[in-house]
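Novice: quick check, what structure comes out for this input:
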Amino acid sequence: KMFNSPSNTHGFGVCNLEYNGQQNGIEDYKSGNNLNNFVFDQGDQLRFTASSALGERTIIDTPSGDQTYTFQYGSGGQPCPGMPTITDIEGNAYNTVLIGSQCWMKENLKTTQYSNGTTIENPTNNSAWQNNITGAFAWYNNNIGWKDSYGALYNWYAVNNANGLCPTGWHVPTDAEWTQLVDYLVAQGFPNQWDNPNGAGNALKSCRQINSPLGGECNTSAHPRWEAHDTHHGFDEFGFSGLPGGNRYDFGSFENIGYNGDFWSSTESFTGNAWYRNISYGVGDVYRTINGEKGIGFSVRCLRD
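Specialist: Residues are numbered from 1 along each chain as shown. Got it, this is the predicted structure:
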């Protein structure tokens, strides 16, 4: 809050901080830097910044009298009502998150079986991967050690397989459902702009990053995490915790772990291609593209029916 704003040509400002939320048992972690008696002229722009583990919020205003400013933070990830976790056919458990009216897995899919128990092909040979048109998965660099950090990479044929890739009651989101998610983020004040540090993509990214300015557990070099970037960092506003699992190209090579999170939709764009979404190191948006060749291995997030 800001009190005692000048009513004449200039004056002295006194700022106070008031917390309004549910975390009432951690007072030691709440603080305000109250700068009293700073001088400013009528018509000057003032910058007010609030910081938390979810990132910074800034309000710029030209007050002409006493004024209260509210810095709104998202829920930070509320589990889906009645279903805080979901388990796949193999027993892998995933946390869930409610974003708007949609219930998402907040982790990348890692199953090696379709929902009916049929084994998904796992061609480690580049030629076998390239020739697969029935459904396949891979661990990054064919190393199962990446399973728990980033999940598996699936080609689109696995996404579209009639046996069902996601657990019963869940599905791979359509292109329209991905658009619904991004539209919700934009409506909450996170523009889908590539050059905006407060953009929708950064709001979906996990805060785990090398040299993250958020500090704490967000600042880490241990996987899973994003590579360091001076401008763009994830702040996980809604608990989606998007991770850069990289990809496996249709010709078999692996690239971009730590840099790109690519996520399939179930919507075909044209023969040989399907829609997907990309959140990437160094940009702030969620990129929608038509050019996902069906043989490429991308990450999958499941959405509740």
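
Novice: list the buried residues of stretch 260-277.
Specialist: Within stretch 260-277, the residues scored as buried using 16 or more other Cβ atoms under 10 Å are 260-269, 273-277. To be clear about C-beta, it is placed using only N, CA and C from the backbone, and glycine gets the same treatment.

Novice: tell me how far it lies from the chain's centre.
Specialist: Offset of stretch 260-277 from its chain centre (Cα atoms, centre = their mean, to the nearest Å): 18 Å.

Novice: ok, and what's touching it?
Specialist: 154, 156, 159-160, 171-178, 182, 205, 242-247, 256, 278-281, 286-294, 296, 298-301 (Cβ atoms under 8 Å, 6 or more residues apart in numbering).

Novice: before we move on, back to that, of the buried residues of stretch 260-277, which is the nearest to residue 190?
Specialist: Using Cβ to Cβ, residue 277 is the member of these that sits closest to residue 190, with 14.8 Å.

Novice: surely that closest one is in a helix?
Specialist: No: judged by DSSP: H, G, I helix; E, B strand; the rest coil, residue 277 forms no part of a helix; its state is strand.

Novice: any idea how far it is from residue 201?
Specialist: 9 Å (Cβ to Cβ, to the nearest Å).

Novice: anything in contact with each of those two?
Specialist: Shared contacts of residue 277 and residue 201 (Cβ under 8 Å, 6+ apart): 286-287.

Novice: please name the residues that touch the residue sitting nearest the centre point of the chain.
Specialist: The residue lying closest to the centre of the chain (Cα atoms, centre = their mean) is residue 204, at 2.0 Å. Contacts for residue 204 (Cβ under 8 Å, 6+ apart) come out as 185, 234, 236-238, 240, 242, 279, 286.

Novice: quick check: bridge partners of the closest residue to residue 152 other than its chain neighbours?
Specialist: The shortest distance from residue 152 to any non-neighbouring residue, by Cβ to Cβ, 6 or more residues apart in numbering, is to residue 137 (4.5 Å). Counting by DSSP bridges, residue 137 forms beta bridges with residue 154.

Novice: could I get the contacting residues of residue 137?
Specialist: 112, 120-122, 152-155, 158, 297.
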